[in-house]
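In: fold the following and give me the result.
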Amino acid sequence: MRIGNDRRQDDFEINVIPLIDVLLTLLMFFVLTSTFIQHSRLQVTLPNASTSDRDMNAPTLTVMIDRDGRFYVGSDEVMGEGIDPLKQAIASHAGNDRERPVTIRADANTPHQDVVTAMDALGQLGFSRLSIATTLTAAGAKE
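Out: Have a look, this model is predicted:
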């Protein structure tokens, strides 16, 4: 009579296939829902808050663009279409001073392409001190 050795010992095994399925599903979920950050490749030089005496005395050249896409350099309207008449008007107003600060003032409804055209004309002429004027309004205030 055998007592205790009568049972056959079962081999226990762990089935890992469902575990792998769950892990792969979680991995796919996290990969698809994660936010990928793209770092900017454009180097931007931010303006400084301090000003020098030269900055205070230098007259600013103003390029204005109305909502219809007409350009004004100073108070004179630029006659003609395209970038060449704009470049000629800027060059005649600025003379040889390419270090002169330039302000672009554009209407809120101006097409973006017109602002880029003005920036391109200034860049081709060698101006490097460029600012874009905006209107600061109080929160909730209407003009």
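
In: and the contacts of stretch 108-121?
Out: 63, 65-67, 69, 71, 83, 86-87, 90, 104, 106, 130, 132 (CB atoms under 8 Å, 6 or more residues apart in numbering). All C-beta atoms are positioned from the backbone trio N, CA, C, and that covers glycine.

In: out of those, which is nearest to residue 14?
Out: When the contacts of stretch 108-121 are ranked by distance to residue 14 (CB to CB), residue 132 comes first, at 65.8 Å.

In: that closest one: what secondary structure?
Out: Under DSSP: H, G, I helix; E, B strand; the rest coil, the three-state class of residue 132 is strand.

In: what does residue 26 give?
Out: helix.

In: could you give the number of residues near it?
Out: Residue 26: 10 surrounding residues under other CB atoms under 10 Å.

In: worst-scoring helix or strand of this protein, pLDDT-wise?
Out: helix 53-57 (a mean of 53; mean pLDDT, DSSP states H and E).

In: what segments of this protein are helices?
Out: 17-33, 53-57, 83-94, 112-125 (DSSP state H).

In: check those helices for me: which has the lowest mean pLDDT.
Out: Taking the mean pLDDT of each of the helices of the chain, the lowest value is held by helix 53-57, a mean of 53.

In: thanks a lot, catch you later.
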